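Novice: dropping a prediction and its sequence here:
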Amino acid sequence: MWLFIITTIICNARISSSEEIRYMSYGDFIEETRKGNIVSVEIEQFSKIEGIIKEGDSTIPFQTYHQDPNNDILLLDLLKTKGVAISIKGEEKERYNYLSFYSMYTLLLPIAMLILLILINKRVKNIEKKAKSYIKSQ
């Protein structure tokens, strides 16, 4: 039980301590690309574009969405001409996600609690039977 609680706290801390992500519209993303501020992008199979953007002397992660970025040849050409590092992410290259790890525990928590309650109930009934038989024998 303690192991579960500690694991849940650690996973929650990792989620909350992650870097702030700048969410931008697709139009802003194109404008920043034209200005040369986009350092790298990772295009997911279904509309999500994540990457790194330069802001002054620092870089921060950003995220935007597009209907079908994999088939947008103009976008890929623009990224290539501006020297942006491009990575295409498909289903087979899913990275480990702490959020899904955390969600798994939150889904299993009710099931674990139910099993624990059943075990406690059986134990209480067993103790009750022993107490009744001891009282009868007296």
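Specialist: Arrived safely. No experiment lies behind these values; they were computed from the predicted model shown. Residues are numbered from 1 along each chain as shown.
Novice: elements contacting the helix or strand where Leu75 lies?
Specialist: For Leu75, the host element (DSSP states H and E) is helix 73-81. Applying 3 or more C-beta pairs under 8 Å, 6 or more residues apart in numbering; DSSP states H and E, one finds that helix 73-81 contacts helix 26-35, strand 85-89. Any C-beta I mention is one placed from the backbone N, CA and C, and that applies to glycine too.
Novice: pull the number of nearby residues for Ile115.
Specialist: By other C-beta atoms under 10 Å, 10 other residues sit near Ile115.
Novice: could you check which helix or strand contains Lys54?
Specialist: Secondary structure (DSSP H and E) places Lys54 in strand 48-55.
Novice: whatever helix or strand comes next after that strand: partners in the sheet, and parallel or antiparallel?
Specialist: Following strand 48-55 in sequence order, the next helix or strand is strand 58-65 (DSSP H and E). Next to strand 58-65 in the sheet, as set by DSSP bridges, lie strand 22-23 (parallel), strand 48-55 (antiparallel).
Novice: show the contacting residues for Ile38.
Specialist: Counting by C-beta atoms under 8 Å, 6 or more residues apart in numbering, Ile38 touches Phe29, Glu32, Gly51, Ile52, Ile53, Lys54, Leu79, Lys82, Val84.
Novice: my guess is the last one meets Glu42, correct?
Specialist: I take that to be Val84. No - with contact defined as C-beta atoms under 8 Å, Val84 does not reach Glu42; the gap is 10.8 Å.
Novice: run the chain-centre distance for stretch 83-91.
Specialist: Its chain's average C-alpha position is 19 Å from that of stretch 83-91, according to C-alpha atoms, centre = their mean, to the nearest Å.
Novice: no no, stretch 27-39
Specialist: Worked out by C-alpha atoms, centre = their mean, stretch 27-39 lies 26 Å from the chain centre.
Novice: count the neighbours of the residue nearest to Leu76 when sequence neighbours are not counted for me.
Specialist: Distance criterion C-beta to C-beta, 6 or more residues apart in numbering; nearest residue to Leu76, sequence neighbours excluded, is Ile86 at 7.0 Å. Residues lying near Ile86 (other C-beta under 10 Å) number 13.
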